[in-house]
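Chemist: Quick one: sequence and predicted model below, then my questions.
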Amino acid sequence: MTEQDLQFIPHWQTAEQSEHRFQLLEQQLQWHQESLMMYGKQVQVPRLVAYYGDENARYRYSGVWHQPTNWTPLLLSIKQMLEQSFDTRINSVLCNLYRNGHDAMGWHSDNEAELGSEPSIFSLSLGATRFFDYRRKSDHSIKHRIQLNSGSLLIMRGQFQALWQHQVPRQKRITDPRINLTFRYVYP
Ligand SMILES: O=C(O)CCC(=O)C(=O)O
Ligand SMILES: [Fe+2]
């Protein structure tokens, strides 16, 4: 992995802007809880999700194909700002709401075929600061932790999904919610 494959911008948005956007997104988005089959049982995913984007940007997560909801004005404006700032194209955003520190996301890579071989994923954090861990697929002892504060932008590119896994671990003492928006390009 080169330095460029994981880029962290702690203050991409101001604290005030982040607080305002958190409030709007918490109210406006179509949050729902999903469940997935694990070892033959239906298990609830420990967070709420919502998926927005262009009509043709179907995406498979939690083992199910998801049809995007049409962009809200706020999501569209963040998408356009990212596209201009980073000279990239985005057609969807997967939104996660961690209601408190009991909500989490386990180890995974975002390596679904429809993302292509070297996806660029732009991950905006709003609300409670949470840990983000990543470890080498070939050697789990090579492990790093960063803190995703409100207003921060984490950019994963290149070989990051191929070589590393990431997680947002449980932090039981955290009572505040966090919203994470992962902007992606899904090949239609
Ligand atoms: O909440 C985060 O910061 C990570 C989200 C994530 O890994 C994902 O949506 O694939
Ligand atoms: Fe991920």
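Modeler: Done, it's in. Residues are numbered from 1 along each chain as shown. Ligands and ions are numbered 1, 2, ... in the order given.
Chemist: Those residues of the protein touching ligand 1, which are they?
Modeler: For the chain, the residues in contact with ligand 1 (Cβ under 6 Å from any ligand atom) are 94, 96, 105, 110, 123, 132, 148, 166, 168, 180, 182. Yep, even glycine has a C-beta here, placed from its N, CA and C like the rest.
Chemist: you'd agree the last one is up against residue 120?
Modeler: No. Because the distance of 10.8 Å does not satisfy Cβ atoms under 8 Å, residue 182 is recorded as not touching residue 120.
Chemist: Of these two, which one has the most company?
Modeler: residue 120 (20 against 16; other Cβ atoms under 10 Å).
Chemist: In space, what's closest to that one - neighbours in sequence excluded?
Modeler: residue 157 (4.6 Å; Cβ to Cβ, 6 or more residues apart in numbering).
Chemist: my guess is that neighbour meets residue 110, correct?
Modeler: No. Here residue 157 does not reach residue 110: they are 11.4 Å apart, not a contact under Cβ under 8 Å.
Chemist: and for the two, which residues touch both?
Modeler: By the contact definition Cβ atoms under 8 Å, 6 or more residues apart in numbering, residue 157 and residue 110 are jointly contacted by 119, 121.
Chemist: Which residue of this protein lies farthest from its centroid?
Modeler: Relative to the C-alpha centroid of the chain, counting by Cα atoms, centre = their mean, residue 40 is the outermost residue, at 26.7 Å.
Chemist: Please pick the buried ones from the residues of the chain next to ligand 1.
Modeler: 94, 96, 105, 110, 123, 132, 148, 166, 168, 180, 182 (16 or more other Cβ atoms under 10 Å).
Chemist: ok and the residue in the protein nearest ligand 1?
Modeler: residue 180 (3.4 Å; Cβ to the nearest ligand atom).
Chemist: That residue touches residue 122, doesn't it?
Modeler: No. If you go by Cβ under 8 Å, residue 180 and residue 122 don't touch, sitting 11.0 Å apart.
Chemist: tell me the contacts of the residue lying closest to the residue of the chain closest to ligand 1 once chain neighbours are set aside?
Modeler: Leaving out its chain neighbours, the residue that sits closest to residue 180 by Cβ to Cβ, 6+ apart is residue 96, at 4.5 Å. By Cβ under 8 Å, 6+ apart, residue 96 lies in contact with 47, 48, 49, 105, 179, 180, 181, 182.
Chemist: now the residues you listed as TSV including pLDDT and secondary structure?
Modeler: Formatted as TSV, the contacts of residue 96 follow (pLDDT from 0 to 100; DSSP: H, G, I helix; E, B strand; the rest coil):
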residue	pLDDT	secondary structure
47	97	coil
48	97	strand
49	95	strand
105	97	strand
179	98	strand
180	98	strand
181	98	strand
182	98	strand
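Chemist: quick revisit: now the residue of the chain closest to ligand 1, which residues is it bridged with?
Modeler: residue 96, residue 125 (DSSP bridges).
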